[in-house]
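Quick one: sequence plus predicted model below, questions after.
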Amino acid sequence: MAEKLLVNPIDCEGHGACAELLPEVVTMDEWGFPIVDPRPLPPGLERYARAAVSACPTLALRLLRE
Amino acid sequence: MTATMENTADAVTELPRLLPPRDGKTDGGPEGKSGGGRSHDFRIHAMRYGMLTYRDQPGILIGEAEAAGLTGRGGAAFPVHRKLQAVLDAAVKRRRTPVVIANGAESEPASDKDATLLWLSPHLVLDGLQLAAEAVGADTAVLYVHANRAHDVGGRLTEAIAQRQAAGIDRVPVQLATAPARFLSGQETALVNHLSGGPVTPTFPLPRITERGLNNAPTLVQNVETLAHLALIARKGPRWFRSVGTDAEPGSMLATIRRADGQPRIAEVPLGIPLKDLAGDLRQDGAVLVGGYHGTWLTGAQALKLTLDNRSLAGAEARVGAGIVIALPADRCGLVETARAVRYLALESAGQCGPCLNGLPRIAAALAEIAGGRARSKTIADVERWAGLVSGRGACHHPDGTVRFVRSALRTFAAEVDWHKRGHCSAANTRPFLPVPQGTARSENDWI
């Protein structure tokens, strides 16, 4: 089942852990907030995505099953 | 009202439906003169429309709303039957009694149609609220209205609710609630957050409020005008509703029209009416704002060819929204006007989401530079990049709507942008035209 990463922009404070752990999917904008690729996660990245979700200090990231 | 509007309305039978019939003296609405006689009185209402007839089981009205093709009149034009069905389904699935909320916050500064409707025809809205409550099986109803209006709409509604109580009409008790004077007050999650005792700031849109909203119950939020239409569909049927408007977008809607004098005029118009019938003396080189401050500027040449429905407007990246049509007077500068409104929008950001918090003030400052003839060579490119960066990245659509407005201004007033680069401005009149409320939020108390 395809999964995709979703950021709660209210909870997000721009710590940047997600962009460091998952640069294939998350980049940072010029103000330090994550830009998340809206497409389903490419295969093989699920493990890193889960790591990014648990590394977020404000619990702003979640993995949605499509 | 002007001759143009009366001619237009006369060509269509049965309009106005929601507002009192024109007697030639009334211009309708709290901002106008008194208007409407005693149309807000329950007995007058019952004489004109007949008594409210309940459907006596949840769900029936949903089919009628679908057959009518009724869409939300708050701006999003979402099909009403789908929202009703979603709330009913969530209620059944979760075994929770839902809540219905009539949204009269109308926080768009250029709009005045909901306040006018509530002032002149409160019982149609309250009838619709009862019917919506019945359709989804709700036991709680809230009527949520904007504060800071020139007329005491709240007082009139309190009176209307009391009249209905005395007449034993309402099956579900109605609470009146006041929206803070913030631009985001009518945003659905912000409204639910506020009614739950929090600030009027948006929350993350999942789970949807149709699943879990006020008090965690499935929650239906419908614009007050939508509910008024529903009250008439229940009386007269879907076919009657479809007798005006277009096949794809049936029915009528309340529009707020502003022309050179800046005064709001409220007209009930069929969907699909030509914009030129609303905008007055529209010139090719003029400009029209459709949809308010989350809306789109159109050139006069575009507007002359378009009609007030989403199918027509989509080609010009515009939408009907809440029915605001503003003709920019020939002596005003569209860039200066847009910059002022965008500054207001940036200040009205709830400041919760990084991209909106960072992007909107920068965009507003850049527009002020452009409007003031102080733009640097990269200012336009900056605006375009920031516009891309804030789109789709907020918990609500405030950044998206703001950016739509900004981009349309840069498109529509492209010649004026060049003019400003050389230190000129075409405005012969610098008096502010677009209405922008005084008093931005200074502390957390302003969001409560």
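Perfect, I can see it now. Numbers count the residues shown, from 1 in each chain, chains lettered A, B, ... in the order given.

What is the neighbour count of the residue of the stretch 151-300 of chain B found nearest chain A?
As assessed by Cβ to the nearest Cβ, chain A sits closest to B:Phe204 within the stretch 151-300 of chain B, at 4.8 Å. Every C-beta, even on glycine, is put in place using the N, C-alpha and C of the backbone. B:Phe204 is flanked by 18 other residues according to other Cβ atoms under 10 Å in any protein chain shown.

State whether it is indeed within a helix.
No - the assignment for B:Phe204, made by DSSP: H, G, I helix; E, B strand; the rest coil, is coil rather than a helix.

Return the residues in contact with it.
Residues counted as contacts of B:Phe204 (Cβ atoms under 8 Å, 6 or more residues apart in numbering or on different chains) are A:Asn8, A:Pro9, A:Ile10, A:Asp11, B:Thr189, B:Ala395.

and which of those is nearest to A:Leu22?
A:Asn8 (16.2 Å; Cβ to Cβ).

number of nearby residues for that closest one?
A:Asn8: 18 surrounding residues under other Cβ under 10 Å.

okay but it is in contact with A:Val53, surely?
No - under the criterion of Cβ atoms under 8 Å, A:Asn8 makes no contact with A:Val53, lying 11.4 Å away.

which residues are common contacts for those two?
Joint contacts of A:Asn8 and A:Val53 (Cβ under 8 Å, 6+ apart) are A:Leu61, A:Arg62.

In chain A, where is pLDDT below threshold?
For chain A, the stretches with pLDDT under 70 are A:1.

that older thread, tell me how far the residue of the stretch 151-300 of chain B closest to chain A lies from B:Val192.
12 Å (Cβ to Cβ, to the nearest Å).

before we move on, what about B:Gly286?
The gap separating B:Gly286 from B:Val192 is 40 Å, by Cβ to Cβ.

Can you name the residues of chain A sitting close to chain B?
Contacts of chain A with chain B, taken as Cβ under 8 Å from any Cβ of the partner chain, map to A:8-14, A:29-33, A:35.

Selecting buried members of those residues in PyMOL, what would you type?
The PyMOL selection below is limited to those of the residues of chain A next to chain B classed as buried (16 or more other Cβ atoms under 10 Å in any protein chain shown):
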select buried, chain A and resi 8+9+10+11+12+14+29+33+35
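
Make JSON lines from the residues of chain A next to chain B and add secondary structure and distance to B:Val145 to it.
Listed next are those as JSON lines, based on DSSP: H, G, I helix; E, B strand; the rest coil; distance: Cβ to Cβ, whole Å:
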{"residue": "A:Asn8", "secondary structure": "coil", "distance to B:Val145": "30"}
{"residue": "A:Pro9", "secondary structure": "coil", "distance to B:Val145": "29"}
{"residue": "A:Ile10", "secondary structure": "coil", "distance to B:Val145": "26"}
{"residue": "A:Asp11", "secondary structure": "coil", "distance to B:Val145": "31"}
{"residue": "A:Cys12", "secondary structure": "coil", "distance to B:Val145": "33"}
{"residue": "A:Glu13", "secondary structure": "coil", "distance to B:Val145": "35"}
{"residue": "A:Gly14", "secondary structure": "coil", "distance to B:Val145": "37"}
{"residue": "A:Asp29", "secondary structure": "coil", "distance to B:Val145": "38"}
{"residue": "A:Glu30", "secondary structure": "coil", "distance to B:Val145": "40"}
{"residue": "A:Trp31", "secondary structure": "coil", "distance to B:Val145": "36"}
{"residue": "A:Gly32", "secondary structure": "coil", "distance to B:Val145": "40"}
{"residue": "A:Phe33", "secondary structure": "coil", "distance to B:Val145": "35"}
{"residue": "A:Ile35", "secondary structure": "strand", "distance to B:Val145": "38"}
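
quick revisit: for the contacts of B:Phe204, which one is nearest B:Ala141?
Nearest member of the contacts of B:Phe204 to B:Ala141, counting by Cβ to Cβ, is B:Thr189, at 19.1 Å.
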